[in-house]
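S.K.: got a predicted structure here, sequence first:
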Amino acid sequence: MVLDKNKLVRLFLISAGFLVYFYVFKPKSETSALAPARPTTSQTAPLDVVHPSSPVAPFAALLQGKEKDITVENELLKVVLSTKGGTIKKVILKKFKDKHGKELVLLDAQSSNMGFSFPYQNALIETKALYFQTQAMPVYMVQDSGQARIVFRLAFTPSQYFEQSFTFSGNSYQIDYDWRAVGMEACFNTTAQPAFCWNMDMKSLEADDKADASRSTVNYYLLDQTFDKLKESATEVEAKKIEVPIKWVSIKQRFFSSAVIAQDAFATGALRMEPMVSPDVTKSVHLSLPLSAKDKAAAHGKFIFFFGPNDYKILKKVTKGFEQNLPLGWPVVKWMNQGLIMPLFAFLEKYVSNYGLVIFLLVIIIKLLLAPLSYRSFISMAKMQVLKPELDKIKEKYKNDLQKAQIEQVAFYREFGINPLSGCMPIMLQMPILMAMFHFFPHAIALRQASFLWANDLSTYDSVMRLPFTIPIYGNHVSLFTLLMVLSTILYTRASNQNGPKEGPMRGLSYVMPFAFMVVLNTFPAGLSFYYCISNVMTFLQQKLINYWVDADSIKEKLMARQQKVKQRGKLSFQSRVAASIEANNKKKK
């Protein structure tokens, strides 16, 4: 059984399209030469907006104070709040480790600062530079059903103060935030735009810094339920001014997100993202989110902060559209991930602790689900192979008349009840699953730092050898799982072609494509290459099994029998038409 020339052309086009898809969505490498050096947040001193000589001199004392930290922990988070700025100083995700195996610090005082800016007595107040007061204890432990509320107050006068409160719940990545300006309503109902501002340097958390940077960006969701993001460029500054209400903004890294969600909405937004030249920072983000008219009028508003993993089940529960922080591909591919791949993977990981085995079982189950399609494809290929000698005769007979040859081939296919595309359609129907895997594996947080065989981390490439030079696209390392994927593809291709006629260039192309995939997939996650490798081996075994069951002579007999029936029906139909014509003529004569 073998692919004919037309079949090989179709498969080549499909493979080429798949290869282009890989290349287009391949993580872009950072080019430090194009990214200008810029000091990190820690190197930039906070802007002191209150000076002793200014009209707000009586409140210059708010710039001075002793910083006090309050630590709040639940099962998932360890958060440090500070009286300086009355805000979040440090966030640790307790269930995860960084690339060095240490506690995962999502942000700290050196990488992040946030606060409000608003006018007061002809000056601009930035709360991040001022010292708040609090009655909170130094440490809080929040149990599963418990809560802890921390309140910070910035008093300008006994009757004028700005207050912030943070409410923590057990077993949650969310922090409820409430702010109010008492006796200061006039400060917020001005032509000036009071705004929430957040500057954050994205820490380098993954072993593959380039892949981490290329998949890090700023996502945002508008009040009209439109999702968008800044371009995930690794070498250029990305900035956008949004003139419509915004529901939430997320500083999204490859596996983790830091987000602010408005209860009402932010009026507009200015978002900026810059590449960073630093081994510890991938990108720098600056957010300015003016308050809504409703919040300004009330001098009061509520947000939710989210600091956690890009896990679909967790993101889905946060707020509307928040699961889109996890990129799952185009609509059909996204549906395939949400409806099949992710539920199946989640089911398997409940019972199997080794993720290499989970991937292996995932291949087996998907192959079983696709078995009917695969069987039809193999049978169609077998029929085409049986009829190939007759097709060759038609091509030879009408070799000088291409149009006539095509007409005769169509008639020939109809005579035997064969659709020449039937062997290709099952492969086309499987493409969304292959594309879904391409998006699933790079963002599957379950595979992060999961080891299997020689791979220390299935979420990134497995490097068995470092090269002293860098090959464009391929990289500066050798991935063994990618090599095994290439070998398994060649094995399957050779098994498909060994009994067929020599087609010259077309046969050669079937061997070239695996090496093209090797170049592209070398920097992709080891889990993805392992999946494709096992899938190729299973397809090879599946083909061998079907070949064992399917008898070419039996197929030929059935095809010949069908041909005779078609001819007989045609003959009887012709005789019936002749008889009907004679009878009609006789009636006319009478």
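M.R.: Thanks, I have it. Residues are numbered from 1 along each chain as shown.

S.K.: what distance do you get for Phe156 to Thr87?
M.R.: Distance of Phe156 to Thr87, given as C-beta to C-beta, to the nearest Å: 18 Å. Using the backbone N, CA and C atoms, a C-beta is placed for each residue, glycine as well.

S.K.: same question, Leu81
M.R.: From Leu81 over to Thr87 (counting by C-beta to C-beta), the distance is 7 Å.

S.K.: so for the two, which sits in the more crowded spot?
M.R.: Ranked by neighbour count (other C-beta atoms under 10 Å), Leu81 and Thr87 place Leu81 first, with 26 against 22.

S.K.: looks to me like that one is in a helix.
M.R.: No - counting by DSSP: H, G, I helix; E, B strand; the rest coil, Leu81 falls outside a helix, being strand.

S.K.: name the element the closest residue to it other than its chain neighbours belongs to?
M.R.: If you skip the residues right next to it in sequence, Leu81 has Ile70 as its closest partner in space, 4.5 Å away by C-beta to C-beta, 6 or more residues apart in numbering. Secondary structure from DSSP states H and E places Ile70 in strand 69-73.

S.K.: please apply the same query to Arg494.
M.R.: Element membership of Arg494, judged by DSSP H and E, is helix 480-497.

S.K.: now Cys187
M.R.: Using DSSP H and E, Cys187 falls within helix 185-188.

S.K.: in that helix, what counts as buried?
M.R.: Within helix 185-188, the residues scored as buried using 16 or more other C-beta atoms under 10 Å are 187-188.

S.K.: what does that helix rub up against?
M.R.: For helix 185-188, contacts defined as C-beta atoms under 8 Å, 6 or more residues apart in numbering pick out 118-120, 181, 194, 291, 295-297, 299.

S.K.: can you tell me the SS state at the residue most central in space within the chain?
M.R.: Nearest to the geometric centre of the chain sits Pro327, at 3.0 Å (C-alpha atoms, centre = their mean). The local conformation at Pro327, judged by three-state DSSP, is coil.

S.K.: my guess is it contacts Phe438. True?
M.R.: No - with contact defined as C-beta atoms under 8 Å, Pro327 and Phe438 do not form a contacting pair (11.1 Å).

S.K.: shared neighbours of those two, anything?
M.R.: Common neighbours of Pro327 and Phe438, counting by C-beta under 8 Å, 6+ apart, are absent.

S.K.: how about low-confidence regions in this structure?
M.R.: Residues of the chain meeting the criterion pLDDT under 70: 1-59, 189-191, 234, 277, 416-427, 429, 496-510, 550-590.

S.K.: how about the residue nearest to the centre of the chain, what does it touch?
M.R.: In this structure, Pro327 makes contact with 215, 439, 443, judged by C-beta under 8 Å, 6+ apart.

S.K.: pairing partners for the helix or strand containing Asn219, with directions?
M.R.: For Asn219, the element it lies in under DSSP H and E is strand 217-222. Strand 217-222 pairs in its sheet with strand 227-229 (antiparallel), strand 246-252 (antiparallel), by DSSP bridges.

S.K.: from the ones you listed, which stretch is densest packed?
M.R.: Among the strands paired with strand 217-222, strand 246-252 has the highest mean neighbour count (mean count of other C-beta atoms under 10 Å), at a mean of 25.

S.K.: return the distance of that strand from the chain's centre.
M.R.: Here strand 246-252 is found 17 Å from its chain centre; the criterion is C-alpha atoms, centre = their mean, to the nearest Å.
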